[in-house]
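S.K.: Sequence below, structure please.
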Amino acid sequence: MNVYHGSWMQILSPDISHSRKNVDFGQGFYVTPIYDQAKRWAEKFKTRGKQAVVSRYSFDDSAYDEVRTLSFDSYSEMWLDFIMNCRAGKDNSDYDIVVGGVANDKVFNTVELYFDGLIDKTEAIKRLRYEKPNLQICFRSQEVIDRYLKFEGSEIV
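M.R.: Residues are numbered from 1 along each chain as shown. This is a model prediction of the structure:
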């Protein structure tokens, strides 16, 4: 399957040691099978005076059956708890790959309200229920990246 990564530069060899901590699914290399989503991520760099680049990779999705994978089919209480733990730096899980919805602007606002204690979990889930998830795949293991993800090319958008 083809997956995409939006950035300000081409990334030939993804390396999780350069990724940020305390984000949605923890430290890792994030991709999506949705080209337009990666393009939107990349275009955010233009506001910082940088170029926007979408890198394309082939992903051998047999990895889902061969490594420790956590997958969220929808925005749910489990998804919200996992995001909160990762963002707070409290995730101790050993998943190699995490797949699930993206905290886009609208979703992010709800997550932040919950994180700040301004709404409870029930209200957060109620608000998220109507959001159509985009999809992100987080590779949290360098070994898995090296084995299952192959750079195919990139383009400036």
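S.K.: What are the buried residues along the host helix or strand of Gly6?
M.R.: Using DSSP states H and E, Gly6 maps to strand 2-7. Neighbour-count burial for strand 2-7, counted by 16 or more other C-beta atoms under 10 Å, picks out Val3, Tyr4, His5, Gly6, Ser7. C-beta coordinates here come from the backbone N, C-alpha and C atoms, glycine included.
S.K.: Packing partners of that strand?
M.R.: strand 29-31, helix 35-43, strand 53-59 (3 or more C-beta pairs under 8 Å, 6 or more residues apart in numbering; DSSP states H and E).
S.K.: Strand partners (parallel or antiparallel) of the shortest one?
M.R.: According to DSSP bridges, strand 29-31 forms sheet pairs with strand 136-139 (antiparallel).
S.K.: Mind checking the pLDDT average for the strand it pairs with?
M.R.: Across strand 136-139, pLDDT averages out at 96.
S.K.: what sits up against whatever helix or strand comes next after that strand?
M.R.: The helix or strand immediately downstream of strand 136-139 is helix 142-148, counting by DSSP H and E. Residues from elsewhere that reach helix 142-148, judged by C-beta atoms under 8 Å, 6 or more residues apart in numbering: 14-17, 29, 59-63, 67, 96-97, 139.
S.K.: Only the buried residues of helix 142-148, if you could.
M.R.: In helix 142-148, the ones that count as buried by 16+ other C-beta under 10 Å are Val144, Ile145, Tyr148.
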